[in-house]
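> Let me see the structure of the following:
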Amino acid sequence: MTGVHTIGHSNHDVERFVALLRAHGITALADVRSQPFSRRFPHFRKQPLQRLLAEAGVRYVFLGRELGARREEPECFVDGRVDFERVADLPAFRAGLERVRRGAAEYRVALMCAEADPLQCHRAILISPALRGLGVEVKHILGDGSLLDHEALERRLLEAAGGGPDLFGDDALSRAYRIRGRAMAYAPGGRRR
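Reported below is the predicted structural model:
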């Protein structure tokens, strides 16, 4: 089975971030931030990050247009907020997933966004379930260097939504994804619930 990792750049310094990538044998990084920019951590802006990764022997590709959570397509919005289920149906999003799947056949890929905790990021709530639907295994690199497989993350997601696995686990999990997606969804003007 093809596999990918995810990672949040968080507040890591350059050395720690590269060490995390090396520890997991990452050879290509797909930047899934809608805007490849960080005001607080300038080394994670697109150009400095590209240079840093090239020096470390890691390929860089920007996939924020395809896989980013801050969408502009009108069909993605429900009540003024991005709806992750609608994003997952976009041709551009599906094309981005396919690029990741193909890339993972040749490289050891990590999807990168900003958040340290994958449960707080669209890389786990939007992208990872869609990749798993294509038969791609997903593991999340945590800030301490440990790995969390996506099934374990889904257990955390269920617990956070106030439930656990039950006879209707798929329904409960889908509901938990919707709740988390809605909580983190982009809304022009910065409205969040």
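> spatially speaking, which residue is in the middle of this protein?
The chain has Arg123 as the residue nearest its centroid, 1.5 Å off, counting by C-alpha atoms, centre = their mean.
> Would you map the strands across this protein?
Per DSSP state E, the chain carries strands over the ranges 3-8, 28-31, 59-62, 77-78, 81-82, 109-113, 137-141, 147-149.
> For the residue nearest to the centre of the chain, report the pLDDT, please.
Arg123 is assigned 98 on the pLDDT scale.
> That one against Val32, yeah?
Yes - between Arg123 and Val32 there is a contact under C-beta atoms under 8 Å: 5.7 Å. Heads up, the C-betas are built off the backbone N, CA and C, glycines and all.
> Name the residues contacting each of the two.
Both Arg123 and Val32 are contacted by 111-113, under the criterion C-beta atoms under 8 Å, 6 or more residues apart in numbering.
> okay, now Arg45: neighbour count?
14 (other C-beta atoms under 10 Å).
> list the contacts for it?
For Arg45, the contacting residues are 36-38, by C-beta under 8 Å, 6+ apart.
> Go through these and say which is closest to Ala105.
Using C-beta to C-beta, Pro36 comes nearest to Ala105 of those, at 24.4 Å.
> And the closest one, how close does it get to Leu63?
10 Å (C-beta to C-beta, to the nearest Å).
> Please list only the buried members of the shared contacts of Arg123 and Val32.
When neighbours are counted using 16 or more other C-beta atoms under 10 Å, these contain these buried positions: 111-113.
> Comparing Pro36 and Leu63, which shows the higher neighbour count?
Neighbour totals were compared for Pro36 and Leu63, and Leu63 leads with 23 against 19 (other C-beta under 10 Å).
> Run through the protein and note the low-pLDDT ranges.
164-169, 190-193 (pLDDT under 70).
> Run through the helices of this protein in chain order.
In the chain, the helices defined using DSSP state H lie at 14-23, 46-55, 64-67, 84-87, 91-106, 122, 128-133, 150-160, 169-184.
> buried stuff in the fourth one?
Just to be clear, that refers to helix 84-87. Buried residues in helix 84-87 (16+ other C-beta under 10 Å): 84, 87.
> next one: stretch 42-59
Neighbour counts using 16+ other C-beta under 10 Å place 44, 46, 49-50, 52-53, 56, 58-59 of stretch 42-59 among the buried residues.
> How about the contacts made by Ile125?
Going by C-beta under 8 Å, 6+ apart, Ile125 touches 84, 119, 157, 177, 180-181, 184.
> Can you tell me how far it is from Met184?
Ile125 is 7 Å from Met184, by C-beta to C-beta.
> With Val4 instead?
Distance of Val4 to Met184, given as C-beta to C-beta: 20 Å.
> In terms of neighbours, single out the busier of those two.
Per other C-beta under 10 Å, whichever of Val4 and Met184 has more neighbours is Val4, with 25 against 19.
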